[in-house]
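Undergrad: compute the structure for the input listed below.
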Amino acid sequence: MVVSGGLASDRGAFASARLVSTDHDIGVPLVLWPAENARAARLQDAGLPLLLLVSEHEPPPLSAYRFMDWVRCPADPEELVARQSNLEERFVLSQRGPRPHLEVDTGRLSFRHASTDLTPSHVELVTQLLTVYREILPRSEVRAALCVAPGDDELLASRLVRVRRHVREVGLDIKRVGRVGYALEPIRPD
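TA: Reported below is the predicted structural model:
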């Protein structure tokens, strides 16, 4: 879908938006923000994915809702398709499949027919990620689990690389979700 439209500068909301069907008709609705915040809340309450089109003069909502993303307007059509595809994939994956198992005492992570041993610091993070499996663990909680001070993004990134290396051995990945956190998900086969 492609979005075109203008902004009503006096209200800070979209004056109009027109959806034009393309070859990539994905089932993730586009929601104007903040003009359609009630619709966004209904979709969220129903547990459905949504992509917010944020007015250029409005702040995006702060939310840890796993199946929501946002893009500032005017939006590039390719970015819309990519974000919709990502949301749809997350949603579909969340609806099915086996769950990983972690033996906290031994640090043994198992998923499907594979297993790996985690270090004690990795066990702390993976334990928290498993409590919200396929959902978002806020960035602040990831930092705390890995003993990384706020603002030390390089240290956070390097520690996440190490944990990812281990969880990928069993077919899982830790994915960054927007600007709010991380989610433990199965690796999608190519």
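Undergrad: quick one: buried residues of the lengthiest helix in the chain?
TA: When secondary structure is assigned using DSSP state H, the longest helix within the chain turns out to be helix 77-94. Buried positions in helix 77-94, judged by neighbour count with 16 or more other C-beta atoms under 10 Å: 80-81, 83-84, 86-88, 90-91, 94. All C-beta atoms are positioned from the backbone trio N, CA, C, and that covers glycine.
Undergrad: ok, stretch 181-189 next?
TA: Taking 16+ other C-beta under 10 Å as the neighbour-count basis, stretch 181-189 is seen to contain the buried residues 181-186.
Undergrad: how about stretch 130-143?
TA: Neighbour-count burial for stretch 130-143 [16+ other C-beta under 10 Å]: 130, 132-137, 139, 141-143.
Undergrad: on that earlier part again, now the buried residues of helix 77-94 as a markdown table including pLDDT?
TA: Supplementary listing: the buried residues of helix 77-94 in a markdown table, determined by pLDDT from 0 to 100:
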| residue | pLDDT |
| --- | --- |
| Leu80 | 92 |
| Val81 | 92 |
| Arg83 | 92 |
| Gln84 | 92 |
| Asn86 | 89 |
| Leu87 | 91 |
| Glu88 | 89 |
| Arg90 | 81 |
| Phe91 | 83 |
| Ser94 | 73 |
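Undergrad: and these, which is closest to Ala38?
TA: When the buried residues of helix 77-94 are compared for distance to Ala38, the smallest value, 19.9 Å, is given by Leu87; criterion: C-beta to C-beta.
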